[in-house]
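Novice: Here's a sequence, model it:
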Amino acid sequence: MNPLLIILIVLLVISGLGLIIFILLHSGKGTGISDMIASSVYSSQTGTSIVEKNLDRITIIFAVVFLLSLIALMIVYPSGAIATR
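Specialist: I've put the predicted structure just below:
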């Protein structure tokens, strides 16, 4: 296997799992997992808190890495070229 392929697939998997984890940590309309974990750090009356902002930033970083690695895989190995190599 090509080292570039391995690096891109590892980036894709890690960023995909990170997206799943950090999206689940966001609080919804009620109380979310992030409220349960870090309830003493912020109160829900202040709107968007420091923890929520950091979760947003981390989620955006994982989303950008996921999209860039996916686009790189599509450019480097277009339409089934991995199986033929």
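Novice: switch to C-alpha atoms for all contacts and neighbour counts from now on
Specialist: Fine.
Novice: Can you give me the buried ones in the one helix or strand Phe62 maps to?
Specialist: Using DSSP states H and E, Phe62 maps to helix 50-76. Within helix 50-76, the residues that qualify as buried are Val51, Glu52, Leu55, Asp56, Ile58, Thr59, Phe62, Ala63, Val65, Phe66, Ser69, Leu73, counting by 16 or more other CA atoms under 10 Å.
Novice: which one of those sits closest to Ile7?
Specialist: Lowest distance from Ile7 to these (CA to CA) belongs to Ser69, with 9.1 Å.
Novice: now that closest one: how far from Lys53?
Specialist: In this structure, Ser69 and Lys53 are 24 Å apart, going by CA to CA, to the nearest Å.
Novice: ok, now Met1?
Specialist: Taking CA to CA, one finds Met1 at 39 Å from Lys53.
Novice: and if you look at Gly16?
Specialist: Using CA to CA, Gly16 is found at 20 Å from Lys53.
Novice: again, but for Ala63
Specialist: 15 Å.
Novice: Give me the nearest residue to Ala63, chain neighbours excluded.
Specialist: Leu19 (6.6 Å; CA to CA, 6 or more residues apart in numbering).
Novice: Just list the residues touching the one you found, thanks.
Specialist: Thr59, Phe62, Ala63 (CA atoms under 8 Å, 6 or more residues apart in numbering).
Novice: try Val65
Specialist: Going by CA under 8 Å, 6+ apart, Val65 touches Leu11, Leu12, Ser15.
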